[in-house]
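> Sequence and predicted structure, then a few things I'm wondering about:
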Amino acid sequence: MAEDTLGLMKDCQLSVRKLNPRQYIADISELKNVEVWFQRASDVVRKLKTGDVDMGIVGYDMLREYGEDSEDLVIVHDALGFGECHLAIGIPTYGIFENINSLNELAAMPLWTEDRPLRVVTGYTYLGKKFLEKHGFKHVQLSTADGALEAAPAMGTADAILDLVSSGTTLRENNLKEISGGAVLSSQGVFVANKKALLERKEVLDVAHEMLERFEAHLTALGQFTVVANMRGASAEEVAERILNNTSYPGLQGPTVSPVYTNEGGTANVDYYAITICVPKPQLYHAVQQLRKAGGSGVLVSPLTYIFDEETPRYRQLLENLKA
Ligand SMILES: Nc1ncnc2c1ncn2[C@@H]1O[C@H](COP(=O)(O)OP(=O)(O)OP(=O)(O)O)[C@@H](O)[C@H]1O
Ligand SMILES: O=P(O)(O)OC[C@H]1O[C@H](OP(=O)(O)OP(=O)(O)O)[C@H](O)[C@@H]1O
Ligand SMILES: [Mg+2]
């Protein structure tokens with residue numbers, strides 16, 4: 001998470017500088033009045049809650065587990081695009097669990113009694129307790145460990161685990177499986193702040209706004225390509241109308257259309273126009289097909305680095321949340 005966070009900040013032209021690799025403090029040259037502290041995820045959330053730090057970047061799972069639904073925390077950006085995983089129940093694929101494939105089936109196993117409850121090991125005792133209670137598990141016992149939870153069922157120290165799953169490899173390699181209804185939450189990196197700090201100190205809100213703008217501009221751009229194509233046409237308007245009427249990708253406001261000048265015996269002549277649009281990455285090939293059909297040729301595709309909109313919708317949402 002630390003590497004991904006630093007990577008995102010670097011991509012947003014925020015250079016986090018640690019004077020010494022063994023130090024836990026750093027600064028950001030672009031944000032003069034900001035002090036950066038490196039802390040474990042659980043401590044980031046604890047310190048945010050108490051107001052000892054103003055802003056933090058952690059996994060949503062940690063925010064929910066250690067934030068315990070605190071009203072002092074507010075999410076500034078909920079999808080930083082890294083640390084994607086989900087928190088889920090894992091049970092053995094073998095033995096008494098061989099034919100158990102859903103949470104209801106697990107809860108309904110006659111085996112679990114007051115004396116012999118279902119034993120679940122997890123690092124997420126707050127979320128785990130709430131989840132199991134909500135789903136009607138009566139005879140259940142939660143225990144906790146700091147890592148390598150997937151070993152617990154084979155070691156005989158637990159029946160099931162509740163842990164993060166990403167690729168699913170760790171579960172599989174330990175002969176464990178997910179079950180339907182067994183996912184507690186989806187998680188990825190989030191940007192969080194202390195609500196009181198945002199409300200009472202304008203400089204904190206200003207920094208949150210600037211960081212949010214940079215993150216949004218970059219993350220929005222990551223999902224898009226700039227597409228440039230040449231089109232033969234009678235005028236810029238005629239080419240623009242062809243794009244607007246025959247393709248599904250008009251660009252941010254509308255297509256940019258610019259004349260392409262060719263040399264006709266010493267005079268600049270315009271037969272072609274270059275059009276520029278933005279296209280969501282998954283739709284690139286479809287857009288190219290549409291452009292070709294509308295008369296486009298020489299299609300150039302390049303990645304986008306930033307898209308700064310007039311105002312980020314997430315900032316408007318943040319101001320709303322601060323009022324609530
Ligand atoms: N396999 C994974 N794939 C994607 N994201 C993950 C994965 N495992 C954990 N994460 C995310 O990374 C966060 C940090 O994970 P974890 O608590 O293991 O920290 P760490 O970086 O390994 O540091 P440490 O274990 O030393 O505290 C988790 O809260 C979760 O949001
Ligand atoms: O589905 P996968 O892609 O296999 O990833 C899931 C594993 O990743 C995390 O562990 P981590 O590597 O952080 O080790 P830890 O639990 O010992 O901290 C998590 O606790 C799972 O064990
Ligand atoms: Mg870890």
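Happy to help now that I have it. Numbers count the residues shown, from 1 in each chain. Ligands and ions are numbered 1, 2, ... in the order given.

> Kindly state the pLDDT recorded for the residue of the chain found nearest ligand 2?
At 2.8 Å from ligand 2, Gly147 is the closest residue in the chain, using Cβ to the nearest ligand atom. To be clear about C-beta, it is placed using only N, CA and C from the backbone, and glycine gets the same treatment. For Gly147, the model assigns a pLDDT of 93.

> did I read that right, it in a helix?
No: counting by DSSP: H, G, I helix; E, B strand; the rest coil, one finds Gly147 to be coil, located in no helix.

> Any idea how many residues pack against it?
8 (other Cβ atoms under 10 Å).

> before we move on, what about Ala154?
13.

> That one: what's its closest spatial neighbour, skipping adjacent residues?
Asn174 (6.7 Å; Cβ to Cβ, 6 or more residues apart in numbering).

> Show the pLDDT at the one you found.
pLDDT, Asn174: 98.

> I'd say it and Ala148 touch.
No: checked against Cβ atoms under 8 Å, the pair Asn174 and Ala148 is beyond contact range at 9.3 Å.

> who's more crowded, these two?
Asn174 (18 against 11).

> which residues touch the more buried one?
Listed by Cβ atoms under 8 Å, 6 or more residues apart in numbering, the contact set of Asn174 reads 150-151, 153-154.

> Could you turn the buried ones of the residues you listed into a ChimeraX selection?
Burial among those is assessed by 16 or more other Cβ atoms under 10 Å; the matching ChimeraX selection reads:
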select :150,151,153
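
> Need the contacts of Asn174 in CSV (columns: distance to ligand 2).
Output for the contacts of Asn174, formatted as CSV (distance: Cβ to the nearest ligand atom, whole Å):
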residue, distance to ligand 2
Glu150, 6
Ala151, 10
Pro153, 13
Ala154, 14
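
> circling back: count the neighbours of the closest residue to the residue of the chain closest to ligand 2 other than its chain neighbours for me.
Nearest non-adjacent residue to Gly147, counting by Cβ to Cβ, 6+ apart: Gly123, 7.7 Å away. For Gly123, the neighbour count with other Cβ under 10 Å is 20.

> residues touching Gly123, list them.
65, 144-147, 149, 163.

> quick one: which of the contacts of Asn174 is nearest Met9?
Glu150 (31.8 Å; Cβ to Cβ).

> my read: the closest one touches Leu176, true?
Yes: Glu150 lies in contact with Leu176 (Cβ under 8 Å); the separation is 6.0 Å.

> who touches both of the two?
Joint contacts of Glu150 and Leu176 (Cβ under 8 Å, 6+ apart) are 90, 161.

> So for the helix or strand containing Arg316, what gets flagged as buried?
In this structure, Arg316 sits in helix 313-323 according to DSSP states H and E. By neighbour count on 16+ other Cβ under 10 Å, the buried set for helix 313-323 is 314-315, 318.

> Export the residues you listed as CSV, with columns for distance to Leu198.
Putting those into CSV (distance: Cβ to Cβ, whole Å) gives the following:
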residue, distance to Leu198
Arg314, 13
Tyr315, 11
Leu318, 8
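
> Specify which member of these is nearest to ligand 1.
Arg314 (19.8 Å).

> How much space separates that closest one from Glu320?
10 Å (Cβ to Cβ, to the nearest Å).

> so how many other residues sit close to the closest residue to ligand 1 within the chain?
Nearest residue of the chain to ligand 1, counting by Cβ to the nearest ligand atom: Gly59, 2.0 Å away. Other residues near Gly59 come to 23 when the count uses other Cβ under 10 Å.

> Bridged to it, which residues?
Gly189 (DSSP bridges).

> Quick one: residues contacting it.
1, 41, 83, 85, 187-190.

> Arrange those residues in JSON lines, one row each, with neighbour count, pLDDT and distance to Gln224 as further columns.
Shown next, in JSON lines, are these (neighbours: other Cβ atoms under 10 Å; pLDDT from 0 to 100; distance: Cβ to Cβ, whole Å):
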{"residue": "Met1", "neighbour count": "16", "pLDDT": "93", "distance to Gln224": "26"}
{"residue": "Ala41", "neighbour count": "19", "pLDDT": "97", "distance to Gln224": "31"}
{"residue": "Gly83", "neighbour count": "21", "pLDDT": "98", "distance to Gln224": "22"}
{"residue": "Cys85", "neighbour count": "17", "pLDDT": "98", "distance to Gln224": "25"}
{"residue": "Ser187", "neighbour count": "21", "pLDDT": "98", "distance to Gln224": "25"}
{"residue": "Gln188", "neighbour count": "17", "pLDDT": "98", "distance to Gln224": "19"}
{"residue": "Gly189", "neighbour count": "22", "pLDDT": "98", "distance to Gln224": "20"}
{"residue": "Val190", "neighbour count": "21", "pLDDT": "98", "distance to Gln224": "22"}
